[in-house]
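[1] One predicted model, sequence on top.
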Amino acid sequence: MKKTCPNPAFLGFLIATAILVAIPGLSYVKQRAPETIIPGPGVTRRGSLSDYLPALKGTSADTPVFYLEGKEPGGTVLLVGGAHPNEPAGFIAPLIVVERGVAQKGRVIVVPYANGSAISHTEPLEGSPASFSLKNKAGETRVFRVGSRLSNPLDQWPDPALYVNEKGQVLSGSEMRNLNRAFPGKADGSITEQIAYAIMEIIRREKADISIDFHEASPEYTTVNAIVAHEKSLELAAEVAMYLEFDDIPITLEQSPKNLNGLSHREWGDYSDTLPFLFEAANPFMGRLRGKTDETLIIEGKDPYYLAAAKAKRLNVPYDEKGLPLSYRVARHITAFRYVLDTYNTYYEEKAIIVTDLPEYEEMAYRNLGDFLN
Amino acid sequence: MKKRVFLLAFTLVFAILVIANGPAVPKLAEPVMITTAGQSAGAAMMKVLFTKSNIKDFVFEKLVTADEIEGYETLVIVAGASSKGLGAAGIDFDGETQRVTALIEAAKKQGMKVVVAQIEGAARRGTSSDQLFSLFVPMSDWVIIVRDADSDGFFTNLCEEHGIPLTIVEKSIEVSAQLNAVFE
Ligand SMILES: [Zn+2]
């Protein structure tokens, strides 16, 4: 019998391969671990997206749903964050509502990470950090993953060459993994369509009077620092925009085009009785002109190339040395949300939604955002 | 909520202090037809501003045409180009400028007063929007804008050149008080 002693070179190769596989493997697994959410005193119940579509149970797309229920009955507002989990203010704003807000009348339902599949990987080829962290008042570190605009290809693959949506609109194939092109969704469709369907089910079953979708976009994009409203919610949004302008928060109002299908502000309104709103904050981390793409850019929103672009009048939003920090972007979102409720409440007194304990704009913008997390 | 009511009261009082430059602002009468030039959401904001004013007889039609304004006394055109808005309305930019040009001509023919407004500020200044202002401001009887829209003096110069009275408010919310002052 010949003794089998592995060739040392081969052994070395095996070890090297194991290390090379383990490093990305571990970082991959880490990206699947959900961050801790610490619900505040206002949260009365916690559920899951799969409560609205059992097929999502046990998939990476299942995600927590928080309920803040007031003692007094009133209307219902749904807050959807993380439809694009590469847009940090889009999920931090709803998280602050979960961790701080208290419903006195009516209900707030919050889905902070709508696309649970898209949060499990970062945007390919963008050099995006995997996470960023904030320090709360107690000095403890809260870590938040940074995801991708699209669902994880491990959950939905392959992409078609072209994505022809329900209404015949043609988009590039990868957009099939974009939750904000998948509404109203399909119960037996792709994972992205299933998520969209489950969110529609929350709106329908919980009879959400108002539904808000939180986003961020690059400062050179045309629809930015904006509220996009369905024709049903346009006049409420017009009033909200004027209050924001009065507070010196730059804002434009856009109406949801009828021919752009799959978007929340269009389909939520067409397929339910809710009043849809989409909030878009400007974030240099999202843009094409940005330089070093790291955690600091996410949190501080300062980028020399955007400053140069602003000086050359190439941006659609004000941008200066102060940057567009996460605290400012989240403060805009929370303030717009508060004005939506205020305005709604003046017209629908019997279905009013009163939420207290949310920070004011001046308390948050350009301050330590972690102070508003538990 | 209380803060908003306070802000509103504050603006209504101080808006009176805003002084119109140049020629006198004409007196306007109801009923009012509100429309847009360019399909931006500014017209929806204007409708809200009318709702908050003392003027009660107004209609908002985003695609109103020249043959639909009989019986109206004032035409309010909120100008601002929005590709999303044009898409929503199913009209292209050229079609929109033709509609509004014909509309203003018809309004003038029947003795209506024409108001052009820009209440969306700097964000609604761009090549397409400026094209609309350049086209319609000279055809108007009164122009009302927010300060932020005129940071380069575009409206001041345009109105001066054509002898059109121009009112500049600091914030869009002050437009309601201005409307109260000019409608008899
Ligand atoms: Zn987005």
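    That came through fine.
[2] Please spell out the segments of the chain that come in under the pLDDT threshold.
    Going with chain A. Along chain A, the model assigns pLDDT under 70 to residues A:1-4.
[3] meant chain B actually
    B:1-21.
[4] now the strands for it?
    Secondary structure of chain B, counting by DSSP state E: strands at B:32-37, B:58-60, B:74-79, B:113-118, B:142-146, B:166-169.
[5] show me the contacts for the spatially most central residue of chain A.
    Nearest to the mean C-alpha position of chain A, by Cα atoms, centre = their mean, lies residue A:82 at 2.3 Å. By Cβ atoms under 8 Å, 6 or more residues apart in numbering or on different chains, the contact set of residue A:82 is A:63, A:90, A:91, A:94, A:111, A:112, A:113, A:114, A:115, A:118, A:119, A:147. (Each C-beta comes from the backbone N, C-alpha and C, glycine too.)
[6] repeat for residue A:360
    residue A:335.
[7] again, only this time at 10 Å
    A:247, A:331, A:334, A:335, A:338, B:3 (Cβ atoms under 10 Å, 6 or more residues apart in numbering or on different chains).
[8] you'd agree the fourth one is in a helix?
    Right, the one you point to is residue A:335. Yes - assignment of residue A:335 by DSSP: H, G, I helix; E, B strand; the rest coil places it within a helix.
[9] just to revisit the earlier point, identify, from the contacts of residue A:360, the entry nearest to the ion.
    The ion lies nearest to residue A:334 out of the contacts of residue A:360, by Cβ to the ion, at 17.3 Å.
[10] In the stretch 51-200 of chain A, which residue sits nearest the ion?
    Nearest residue of the stretch 51-200 of chain A to the ion (Cβ to the ion) works out as residue A:84 at 3.5 Å.
[11] Surely that residue is in contact with residue A:115?
    Yes - assessed by Cβ atoms under 10 Å, residue A:84 is found in contact with residue A:115 at 7.3 Å.
[12] can the one helix or strand residue A:105 maps to be found next to chain B?
    Here residue A:105, judged by DSSP states H and E, is contained in strand A:102-111. No - Strand A:102-111 lies out of reach of chain B by Cβ under 10 Å from any Cβ of the partner chain, never closer than 12.4 Å.
[13] could you pull out the helices for chain A?
    Remark: helices assigned in chain A by DSSP state H are A:8-32, A:88-100, A:191-205, A:234-246, A:264-270, A:295-300, A:304-311, A:326-347, A:361-364.
[14] ok, now which ones touch the spatially most central residue of chain B?
    What sits nearest the mean C-alpha location of chain B, by Cα atoms, centre = their mean, is residue B:117, with 2.3 Å. Contacts for residue B:117 (Cβ under 10 Å, 6+ apart) come out as B:34, B:36-37, B:42-43, B:45-46, B:49, B:76-80, B:140, B:142-146, B:149, B:167, B:172, B:175, B:178.
[15] And residue A:221, by the same measure?
    Going by Cβ under 10 Å, 6+ apart, residue A:221 touches A:280, A:282, A:283, A:286, A:287, A:288, A:315, A:316, A:317.
[16] For chain B, tell me which of those show up nearby.
    Contacts with chain B within the contacts of residue A:221, as defined by Cβ under 10 Å from any Cβ: A:316, A:317.
[17] from the contacts of residue A:221, which single one is nearest chain B?
    Taking Cβ to the nearest Cβ as the measure, chain B lies nearest residue A:316 of those, at 6.8 Å.
[18] quick one: contacts for the closest residue to the closest one other than its chain neighbours?
    Spatial nearest neighbour of residue A:316, chain neighbours left out: residue A:224 (5.7 Å); criterion: Cβ to Cβ, 6 or more residues apart in numbering or on different chains. Each residue near residue A:224 by Cβ under 10 Å, 6+ apart is listed here: A:215-218, A:250, A:252, A:254, A:280-283, A:286-287, A:315-317, B:123.
[19] Among those, name the ones that also lie close to the ion.
    Filtering the contacts of residue A:224 for neighbours of the ion using Cβ under 5 Å from the ion leaves residue A:215.
[20] Would you agree residue A:157 is in contact with residue A:150?
    No - look at residue A:157 against residue A:150 with Cβ under 10 Å: they stay out of range, at 11.1 Å.
[21] So for these two, which sits in the more crowded spot?
    Comparing residue A:157 with residue A:150 by neighbour count (other Cβ atoms under 10 Å in any protein chain shown), the higher total belongs to residue A:150, at 25 against 10.
[22] coming back round to it: buried subset of the contacts of residue A:221?
    For these, a burial check counting by 16 or more other Cβ atoms under 10 Å in any protein chain shown picks out A:280, A:282, A:283, A:286, A:287, A:315, A:316, A:317.
[23] Now the two most distant members of those.
    Pairwise distances across the buried ones among the contacts of residue A:221 peak at 14.2 Å for A:280 and A:315 (criterion: Cβ to Cβ).
[24] looking at it, residue A:183 is touching residue A:274, isn't it?
    No - here residue A:183 lies out of contact with residue A:274, judged by Cβ under 10 Å, at a distance of 11.7 Å.
[25] Common neighbours of those two, please.
    Counting by Cβ under 10 Å, 6+ apart, the shared contacts of residue A:183 and residue A:274 are A:200, A:203, A:268.
[26] Contact partners for the residue lying closest to the last one once chain neighbours are set aside?
    Spatial nearest neighbour of residue A:268, excluding adjacent residues (Cβ to Cβ, 6+ apart): residue A:276 at 4.1 Å. Contact analysis of residue A:276 by Cβ under 10 Å, 6+ apart lists A:78, A:80, A:183, A:203, A:208, A:210-213, A:228-230, A:232-233, A:237, A:256, A:263-270.
[27] on that earlier part again, between the shared contacts of residue A:183 and residue A:274, identify the one with the most neighbours.
    When neighbours are counted by other Cβ under 10 Å, residue A:268 leads those with 32 neighbours.
[28] coming back round to it: out of the shared contacts of residue A:183 and residue A:274, which is nearest to chain B?
    Distance to chain B across the shared contacts of residue A:183 and residue A:274 (Cβ to the nearest Cβ) is lowest for residue A:268, with 15.6 Å.
[29] distance of that closest one from residue B:73?
    Using Cβ to Cβ, to the nearest Å, residue A:268 is found at 39 Å from residue B:73.
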